[in-house]
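A.B. asks: Quick one, what's the 3D model for this:
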Amino acid sequence: MEKEINARIIDTFLGIEHGCLTFQLFIGVENAEQAYGGYNISGYSGGPVIKKILETLEVEKWESLIGTYIRLIRLEDGKIKSIKHITKNKEIDLPIFIQGIKS
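C.D. replies: Predicted structure coming up:
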């Protein structure tokens, strides 16, 4: 069963790890911190992924994500399934979005 929770992006990372371009959103939720991301976005998928995150959360630049309130969809096992705009019907499910780009 999925659970929708209010949360806030408290930090971000956009850079290179293990030779791959990647990112993380560090999300403050229920008195804890949880990361979302970690996908290899090198090559053709990087631009569309970053753009989709910014468009979904309605921010102009990556640095503006910090402090942004969001809604997250959490699975029963505690993993984040997707993130949503805090008040609008805008959502990104990263594995599905990235798979759509690669296929």
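
A.B. asks: Would you map the helices across the chain?
C.D. replies: All helices of the chain, identified by DSSP state H, fall at 46-57, 94-102.

A.B. asks: Who does the nearest residue to E2 once chain neighbours are set aside form a beta bridge with?
C.D. replies: Spatial nearest neighbour of E2, excluding adjacent residues (C-beta to C-beta, 6 or more residues apart in numbering): I73 at 5.3 Å. Where you see a C-beta, it was placed from the backbone N, CA and C, and this is true even at glycine. Beta bridges link I73 to E4, S82, judged by DSSP bridges.

A.B. asks: pLDDT at I73, what is it?
C.D. replies: pLDDT recorded at I73 is 95.

A.B. asks: same check, this time on Y44
C.D. replies: 69.

A.B. asks: what's near enough to touch the spatially closest residue to K3 that is not a sequence neighbour?
C.D. replies: Among residues not flanking K3 along the chain, R74 sits closest, at 4.9 Å (C-beta to C-beta, 6+ apart). Applying C-beta atoms under 8 Å, 6 or more residues apart in numbering, we find R74 in contact with 2-5, 29, 80-81.

A.B. asks: so where is the protein shaky, pLDDT-wise?
C.D. replies: Across the chain, the ranges flagged by pLDDT under 70 are 44, 103.

A.B. asks: for it, what spans make up the strands?
C.D. replies: 3-17, 20-29, 32-37, 69-74, 80-85, 91-92 (DSSP state E).

A.B. asks: Which of the ones you listed sits closest to E55?
C.D. replies: strand 91-92 (8.6 Å; C-beta to C-beta).

A.B. asks: Could you check how many residues crowd around G37?
C.D. replies: Look at G37: counted by other C-beta atoms under 10 Å, it has 19 neighbours.
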